[in-house]
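3D, please:
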Amino acid sequence: MSSFVMPTLARFALVLTGLALLTHAALAGGYERVRLPSYDGDLDAVLYRPKGPGPFRAVVALHGCGGLWRDNGRLSLRHSDWGERLAEDGFLVLMPDSFGSRKLGSQCGVKELTVRPSRERVADAAAARHWLQTRGDIRPDRIALLGWSGGGSTVLAAIRKDRRPADERPDFARAIAFYPGCRGQLESGSFAARLPLLMLIGDLDDWTPAAPCDFLTKAARTRGEAIDLVIYPGALHDFDHPRREVKERSDIAYSATGTGKATVGTNPAAREDAIARVKAFLKGL
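Numbering: from 1, shown residues only. The predicted structure follows:
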């Protein structure tokens, strides 16, 4: 487990042509909206493309339980911030919309999920990887998987050794999980990571608490798995959001306290350190 280090202070996308799987792509805010085939119908997705001809390294980024979009139809600020940031660093970023594609809104308060992190969303991540690997501007063996909260839980499920892809395409190369729910993987007793993994979480997270991730990491590292966990003192769920005021949410189905309530909000120091760590981790692609 890594200790927290105080950070130093540290777009457009081009319209793609000639891709059979690419629908009409409306350029808005630096991203394109695309569609890609999946096992149960097409997935809507957001694509950030860096400047230049490529071939590019890529990141498949998985949203949390709130989905990709705000109520006003705009891409949520967390996703636009990370999409633009990673594209500026030379990565093509694909964000599949697991909920909106299936006509679902926020799933944060839903107890009986029909689009589960460990099942349907793992398949969505695989579909995103396959779609990227059909493109001529992508390095097919240099694709990372990243997720937040419920998307982070999907990352853990997707990189298990017992869920290695059956196809003959290159696997994801690296994985990053922001404040995932580690308890389910810990309680399964069979979690083993096949990829290098970076997890980032706050020690005050009362939605997806840090302790299960700490236990999971220690067990994995005794087996020689390449997992790094960073626990940020004083940080809450959503600590990496560009500007989320600290507040209590009471609209969630599950929380560490069992009350359906959790506190969320930006932690500027943790956010800046996480940005630096993610960049350094992805340099290994």
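
Nearest to the spatial middle of the protein, which residue is it?
Gly147 (1.4 Å; C-alpha atoms, centre = their mean).

how would you label that one: helix, strand or coil?
Following DSSP: H, G, I helix; E, B strand; the rest coil, the label given to Gly147 is strand.

so who does it touch?
61-64, 153-155, 176-178, 180 (C-beta atoms under 8 Å, 6 or more residues apart in numbering). Glycine gets a C-beta too; all of them are placed from N, C-alpha and C.

go again using 10 Å as the cut-off
By C-beta atoms under 10 Å, 6 or more residues apart in numbering, Gly147 lies in contact with 60-64, 117, 121, 125, 153-158, 175-180.

Filter those down to the ones in strands?
Among the contacts of Gly147, the members found in strands (DSSP state E) are 60-62, 175-178.

of all the residues you listed, which comes closest to Ser76?
Proximity of the ones in strands among the contacts of Gly147 to Ser76 (C-beta to C-beta) peaks at Ala61, which lies at 11.7 Å.

Tell me which stretches of the stretch 151-285 of the chain form helices.
Counting by DSSP state H, counting those that start in this stretch, the segments of the stretch 151-285 of the chain that form helices are 183-188, 210-222, 268-282.

other SSEs contacting the second one?
Using 3 or more C-beta pairs under 10 Å, 6 or more residues apart in numbering; DSSP states H and E as the contact test, the elements touching helix 210-222 are helix 150-158, helix 183-188, strand 197-202, strand 227-232.

can you give me how far that helix is from the chain middle?
19 Å (C-alpha atoms, centre = their mean, to the nearest Å).

Show me which positions of that helix end up buried.
Residues of helix 210-222 classed as buried: 210, 212-214, 216-217, 220 (neighbour count, 16 or more other C-beta atoms under 10 Å).

hey, C-alpha coordinates of that helix in CSV?
What follows is helix 210-222, C-alpha atoms only, in CSV (Å, rounded to 0.1, in the frame of the first residue of the first chain):
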residue,chain,number,x,y,z
ALA,A,210,-11.2,1.4,2.2
ALA,A,211,-10.8,-1.4,4.6
PRO,A,212,-12.0,-4.3,2.3
CYS,A,213,-9.7,-2.9,-0.4
ASP,A,214,-6.8,-2.9,2.0
PHE,A,215,-7.4,-6.5,2.9
LEU,A,216,-7.9,-7.5,-0.7
THR,A,217,-4.6,-5.8,-1.7
LYS,A,218,-2.6,-7.4,1.1
ALA,A,219,-3.8,-10.8,0.2
ALA,A,220,-3.1,-10.3,-3.5
ARG,A,221,0.4,-9.0,-2.9
THR,A,222,1.3,-12.0,-0.8
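
how much space between Gly66 and Trp148?
Gly66 sits 9 Å away from Trp148, going by C-beta to C-beta, to the nearest Å.

what sits in contact with each of the two?
With C-beta under 10 Å, 6+ apart as the test, Gly66 and Trp148 both reach 78, 238.

which of those two has more neighbours?
Trp148 (28 against 20; other C-beta atoms under 10 Å).

between the helices of the stretch 151-285 of the chain, which gets nearest to Leu204?
It's helix 210-222; of the helices of the stretch 151-285 of the chain, that one is closest to Leu204 (C-beta to C-beta) at 8.5 Å.

which residues touch the closest one?
1, 152, 156, 177, 179-187, 189, 191-193, 197, 199-205, 225-232, 235, 256.

and Ala58, what is it in contact with?
Applying C-beta under 10 Å, 6+ apart to Ala58 gives the contacts 47, 49-50, 86, 91-94, 128-129, 132-133, 135, 137-140, 142-145, 172-173, 285.

Helix, strand, or coil at it?
On the three-state scheme (three-state DSSP), Ala58 is labelled strand.

thinking again about what came up before, would a markdown table of the buried residues of helix 210-222 with distance to Arg70 and pLDDT be doable?
Formatted as a markdown table, these follow (distance: C-beta to C-beta, whole Å; pLDDT from 0 to 100):
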| residue | distance to Arg70 | pLDDT |
| --- | --- | --- |
| Ala210 | 28 | 98 |
| Pro212 | 30 | 97 |
| Cys213 | 28 | 98 |
| Asp214 | 33 | 97 |
| Leu216 | 32 | 96 |
| Thr217 | 33 | 97 |
| Ala220 | 36 | 95 |
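
That'll do, ta.
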